[in-house]
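> my questions concern the predicted model and sequence given below.
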Amino acid sequence: MEKNLDVIKSLAIANEDQNFEFRSFLKMLQISDKKLDSIVKKITSGVMKEINCNECRNCCKVSAPSLEKDEIVIISNYLKITETEFIEEYLYMEDQEANELSVKIPCPFFKNDSCTIEEVKPIMCRDYPYLLKKGFRGRLLGVIDNYEICPIVFNVYEELKQKFKRKKN
Ligand code: SF4
Ligand code: SF4
């Protein structure tokens with residue numbers, strides 16, 4: 001199983017076309033969304049047993065979450081600052097049209113290899129890398145984005161390629 005982040009980054013560039021082709025293949029694949037979710041869930045569980053997030057933390061180093069309105073309240077309370085102070089210091093408007101506020105990158109809450117707001121960390125961080133959620137087929141663009149960031153996503157996507165390649169042959 002590949003865990004080296006430099007290797008994964010290089011392979012993400014080398015495999016870009018293949019990843020998009022495989023996305024198209026999965027979009028057209030004649031199995032139900034439920035069945036595909038269940039296959040992804042099974043592969044993900046196996047991969048997660050082999051990868052220790054505490055030894056990686058790459059998602060915290062290179063990305064940061066968007067926040068729901070109630071999370072702004074919860075985290076600013078946790079930090080004992082006003083919502084305005086929290087927004088000014090830690091957030092930026094990522095998507096003007098969606099009116100969505102995101103944590104600045106690199107994430108200012110990532111210190112000494114851990115999350116300083118672990119108890120109240122945003123749902124996007126708790127759910128990352130989103131492979132156990134329903135609707136895998138509809139989130140394939142995000143999966144390809146995360147393929148270069150997250151060793152779990154990288155290995156799950158590669159295992160899926162192998163699985164369906166074997167089926168085709
Ligand atoms: S979720 Fe992925 S990127 Fe984040 S720490 Fe775990 S393996 Fe690394
Ligand atoms: S809020 Fe915490 S878990 Fe989320 S990206 Fe920042 S450091 Fe990582």
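Structure received. As the structure is a prediction and not an experimental result, all values here were calculated from the model. Residues are numbered from 1 along each chain as shown. Ligands and ions are numbered 1, 2, ... in the order given.

> got the residues of the protein near ligand 2?
Residues of the chain lying close to ligand 2 (C-beta under 6 Å from any ligand atom) are Cys60, Ala64, Pro65, Cys107, Phe109, Phe110, Cys115, Ile117, Lys121, Cys125. Placement of C-beta: from N, CA and C, glycine included.

> for the second one, phi and psi?
For Ala64, the backbone dihedrals are phi -150, psi 150 (criterion: degrees, to the nearest 10).

> number of residues surrounding it?
When counting by other C-beta atoms under 10 Å, one arrives at 24 neighbours for Ala64.

> equivalent analysis for the fourth one, please.
Cys107 has 22 neighbouring residues, counting by other C-beta under 10 Å.

> can you tell me the element it falls in?
Using DSSP states H and E, Cys107 sits in no helix or strand.

> who's the closest spatial neighbour of Glu71, skipping the chain neighbours?
Pro122 (5.1 Å; C-beta to C-beta, 6 or more residues apart in numbering).

> ok, Cys59 next?
Tyr128 (5.4 Å).

> how close does that neighbour get to Lys69?
20 Å (C-beta to C-beta, to the nearest Å).

> out of these two, which sits in the busier spot?
Higher neighbour count among Tyr128 and Lys69: Tyr128, with 20 against 9, using other C-beta under 10 Å.

> over to the more buried one: give its phi and psi.
For Tyr128, the backbone dihedrals (degrees, to the nearest 10) come out as phi -60, psi 140.

> list the contacts for it?
Cys59, Pro65, Asn146, Cys150 (C-beta atoms under 8 Å, 6 or more residues apart in numbering).

> secondary structure element for the third one?
Taking DSSP H and E as the definition, one finds Asn146 inside helix 140-147.

> now find how far off-centre that helix is within its chain.
On the basis of C-alpha atoms, centre = their mean, to the nearest Å, helix 140-147 sits 8 Å off its chain's mean C-alpha point.

> and stretch 156-164, by the same measure?
Taking C-alpha atoms, centre = their mean, one finds stretch 156-164 lying 18 Å from the centre of the chain it belongs to.
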